[in-house]
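Trainee: only the shape, not the letters, is given here:
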Ligand SMILES: [Zn+2]
């Protein structure tokens with residue numbers, strides 16, 4: 001008897017360590033709120049942290065941080081370029097060598113693997129630039145030396161600020177379920193127009209005028225004509241993913257570049273535009289071309305959205321039938 005109950009207690013405590021998604025997000029949020037400053041709101045810290053987490057997810061050459069906060073300082077940034085101690089944790093000598101490392105949790109050490117030390121160091125770095133959005137962008141540019149990093153972090157900032165949460169992972173199928181549609185795994189197929197290109201997306205066939213919905217939360221990064229895609233919209237989400245919706249008959253009225261959209265919102269209507277100069281239409285049957293591109297810190301690569309589409313379609317049907 002005694003043995004059984006003691007084993008089950010041990011088991012329960014290991015299970016406790018496996019956090020649910022909601023608990024994980026709450027833990028992160030607690031850190032951001034604790035370390036935000038009057039001039040550096042939580043969504044600045046949260047956006048930088050999410051950007052780095054996204055990169056770590058797709059880059060095998062960057063070690064994945066196991067802690068709550070994903071932000072990783074390089075040894076040079078943390079300890080100072082000329083510091084002979086690459087893993088210096090002594091605040092005084094780090095300061096002497098011009099490193100950014102600081103002690104946030106008050107244990108006397110500036111540890112770049114400690115969440116609180118990392119957040120304090122980031123807040124103090126940002127504080128050094130000033131209070132405007134332009135100051136923040138300049139700080140990002142100096143830190144990452146990458147224009148895409150600045151753009152994508154600012155998109156995440158906008159999303160977090162607008163919705164007041166970091167829980168923006170809801171997705172849906174990009175065609176309204178009330179309408180007829182069909183699709184298969186057309187990823188990688190050869191295409192007839194525009195030379196030798198492989199098909200970086202999935203075609204969802206539907207009638208002209210069928211509403212197209214945004215599959216994710218995001219910021220409209222691109223909207224207009226493209227000779228391949230016709231009238232198309234590109235939306236960047238909080239996972240550094242760029243969702244591409246092409247061949248639209250028209251856009252939803254009132255939308256423009258820079259707008260923030262919510263999962264399931266109508267963004268346009270199925271058409272057959274593209275494969276030529278502006279206004280070209282009817283060169284193929286009407287369909288939505290849907291693609292996803294992900295930024296890995298250096299380049300953007302396309303990946304097959306077919307498995308996601310199957311999943312989102314199933315989930316959307318379930319929600320619909322429970323209404
Ligand atoms: Zn296509």
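Mentor: Looks like it arrived, so ask away. Owing to the predicted nature of the structure, the values given are computational and were not obtained by experimental measurement. Residues are numbered from 1 along each chain as shown.
Trainee: end-to-end on stretch 31-49?
Mentor: 11 Å (C-alpha to C-alpha, to the nearest Å).
Trainee: can you give the contact residues for it?
Mentor: Outside stretch 31-49, the residues that touch it by C-beta atoms under 8 Å, 6 or more residues apart in numbering are 28-29, 68-71, 104, 115-116, 119-120, 122-123, 126-127, 131, 136, 140, 153-154, 156-157, 160-161, 166. To be clear about C-beta, it is placed using only N, CA and C from the backbone, and glycine gets the same treatment.
Trainee: just how off-centre is it within its chain?
Mentor: The chain centre lies 17 Å from the centre of stretch 31-49; the measure is C-alpha atoms, centre = their mean, to the nearest Å.
Trainee: contact partners for the closest residue to the ion within the stretch 1-150 of the chain?
Mentor: When scored by C-beta to the ion, the stretch 1-150 of the chain has residue 58 as its residue closest to the ion, at 23.2 Å. Neighbouring residues of residue 58 by C-beta under 8 Å, 6+ apart: 294, 296.
Trainee: try it again at 10 Å.
Mentor: Residues near residue 58 by C-beta atoms under 10 Å, 6 or more residues apart in numbering: 239, 240, 241, 294, 295, 296, 297, 301, 303.
Trainee: ok, residue 220 next?
Mentor: Residues near residue 220 by C-beta under 10 Å, 6+ apart: 155, 214, 233-236, 251, 255-261, 267.
Trainee: next, it: secondary structure please.
Mentor: Following DSSP: H, G, I helix; E, B strand; the rest coil, residue 220 is assigned to strand.
Trainee: what distance do you get for the closest residue to it other than its chain neighbours to the ion?
Mentor: Closest residue to residue 220 apart from its sequence neighbours, by C-beta to C-beta, 6 or more residues apart in numbering: residue 259 at 4.8 Å. As judged by C-beta to the ion, to the nearest Å, residue 259 and the ion stand 24 Å apart.
Trainee: before we move on, what about residue 230?
Mentor: From residue 230 to the ion the distance is 11 Å (C-beta to the ion).
Trainee: look up phi and psi at that residue.
Mentor: phi 60, psi -140 (degrees, to the nearest 10).
Trainee: for it, the count of nearby residues, please.
Mentor: 23 (other C-beta atoms under 10 Å).
Trainee: again with residue 185
Mentor: Count around residue 185 with other C-beta under 10 Å applied: 12.
Trainee: that one in helix, strand or coil?
Mentor: What three-state DSSP gives for residue 185 is coil.
Trainee: picking that back up, now, the contacts of residue 220 that are in strands?
Mentor: 233, 234, 235, 236, 251, 260, 261, 267 (DSSP state E).
Trainee: hang on, the fourth one packs against residue 295?
Mentor: Right, residue 236. Yes - at 8.7 Å, residue 236 counts as touching residue 295 under the criterion of C-beta atoms under 10 Å.
Trainee: shared neighbours of the two, anything?
Mentor: 151, 152, 242.
Trainee: mind checking how far the nearest residue to residue 135 once chain neighbours are set aside is from residue 39?
Mentor: Leaving aside its chain neighbours, residue 135 sits nearest to residue 129 (4.3 Å; criterion: C-beta to C-beta, 6+ apart). Distance of residue 129 to residue 39, computed by C-beta to C-beta, to the nearest Å: 10 Å.
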